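Peer 1: Quick check, what structure comes out for this input:
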Amino acid sequence: MRYKRWILPFLLFAAALVMSMQVLAVPQALPLANRVYVIDSGHGGKDDGAQRGDVREDAINLAIAREVRTLLIEQGASVIMTRDGDHDLAGEDAENRKREDMQQRVAIINCGWADAFISIHLNAYTSANVHGAQVFYQEENAASKQMAQQIQQQLSASTDTKMSAKPGDYYILEKPSVPGVLVECGFLSHAAEREQLQSESYQKTLAKAIVDGVIAYERNEQ
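Peer 2: Next comes the predicted model:
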């Protein structure tokens, strides 16, 4: 039945409401107090995303997303995860799983409680020489661009990326009603970076850079 497709977003929205209530107890001195972020871990379930050998994008995305969540909460934010396990968001009877999965992610972002969102991904390219984390933003959205530039600056300071933030032609960037960014955390097609991306310490480095960028963005917005 079609109503089953909306059970997951409804439950996530309810969880977000609880978290938005809990944020009242957060010390106001924290830089992200009273802010609500959606963290979107790309792919999941049968959709592995980019893959090289037995290294799958979806699993690494989730590991980084969970670390971003931890750091955001430590800084006072409330966090909604679009997924927190190895699954997509499409219903069992979905005619097009990818399309419905993306629609559900956007529905969560547009739930009404989120101030902004961050979508976590990995990249791959035909050339094995291309590497580096890169942030994409909503074209013609000044807040999204500012957030992307702040996160890119932190990634450039923490990793060896030479990439620059740029507008992205992605569904997850085009449809939401709040500012957000898509972070391509590195290239699985680059051997050395692929090894780094599997490392918990490097995942934490990436997550910290993302959150430091968010803090810088929020301070500039005040």
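Peer 1: Give me the nearest residue to residue 70, chain neighbours excluded.
Peer 2: residue 207 (7.7 Å; C-beta to C-beta, 6 or more residues apart in numbering). For glycine as for every other residue, the C-beta is placed from the backbone atoms N, C-alpha and C.
Peer 1: which other helices and strands contact the helix or strand encompassing the one you found?
Peer 2: Using DSSP states H and E, the element containing residue 207 is helix 200-221. For helix 200-221, the packing partners by 3 or more C-beta pairs under 8 Å, 6 or more residues apart in numbering; DSSP states H and E come out as helix 57-74, strand 116-123, helix 142-158, strand 180-187.
Peer 1: who touches residue 31 in this structure?
Peer 2: 75-76, 215, 218-219 (C-beta atoms under 8 Å, 6 or more residues apart in numbering).
Peer 1: Quick one, which of the residues you listed are buried?
Peer 2: Burial by neighbour count, judged by 16 or more other C-beta atoms under 10 Å, picks out 75-76, 215, 218 from these.
Peer 1: Go ahead and flag the most central residue of the protein.
Peer 2: When C-alpha atoms, centre = their mean is applied to the chain, the residue found nearest the centroid is residue 119 (2.4 Å).
Peer 1: Surely residue 165 is in contact with residue 155?
Peer 2: No: assessed by C-beta atoms under 8 Å, residue 165 is found out of contact with residue 155, at 9.3 Å.
Peer 1: which of the helices and strands packed on helix 200-221 sits most buried?
Peer 2: For those, the largest average neighbour count (mean count of other C-beta atoms under 10 Å) is found in strand 180-187, namely a mean of 27.
Peer 1: Using CSV, write out the CA atom coordinates for it.
Peer 2: Output in CSV follows, covering the C-alpha atoms of strand 180-187 (Å, rounded to 0.1, in the frame of the first residue of the first chain):
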residue,chain,number,x,y,z
GLY,A,180,22.7,22.7,1.8
VAL,A,181,25.8,21.2,0.3
LEU,A,182,26.9,17.9,-1.2
VAL,A,183,30.4,16.9,-0.1
GLU,A,184,32.4,14.5,-2.3
CYS,A,185,34.8,13.4,0.3
GLY,A,186,37.3,11.9,-2.1
PHE,A,187,37.9,9.6,-5.1
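Peer 1: Can you tell me the strand partners of that strand and which way each runs?
Peer 2: Paired neighbours of strand 180-187 in the sheet (DSSP bridges): strand 116-123 (parallel), strand 134-137 (antiparallel).
Peer 1: between those strands, which one is nearest to residue 36?
Peer 2: strand 116-123 (8.3 Å; C-beta to C-beta).
Peer 1: Farthest-apart pair in the contacts of residue 31, please.
Peer 2: 76 and 219 (12.8 Å).
Peer 1: re earlier: list the contacts of the helix holding residue 207.
Peer 2: For helix 200-221, using C-beta under 8 Å, 6+ apart, the contacting residues are 31-32, 35, 37, 60, 63-64, 67-68, 70-72, 75, 116, 118, 133, 135, 143, 146-147, 150-155, 157-159, 183, 185-186, 196-197.
Peer 1: try 6 Å this time
Peer 2: 31, 63-64, 67-68, 71-72, 146-147, 150-151, 154-155, 158, 185, 196 (C-beta atoms under 6 Å, 6 or more residues apart in numbering).
Peer 1: With stretch 181-194 instead?
Peer 2: 50, 52, 55, 64, 118-125, 128, 130-131, 133-137, 147-148, 168, 170, 173, 197, 206.
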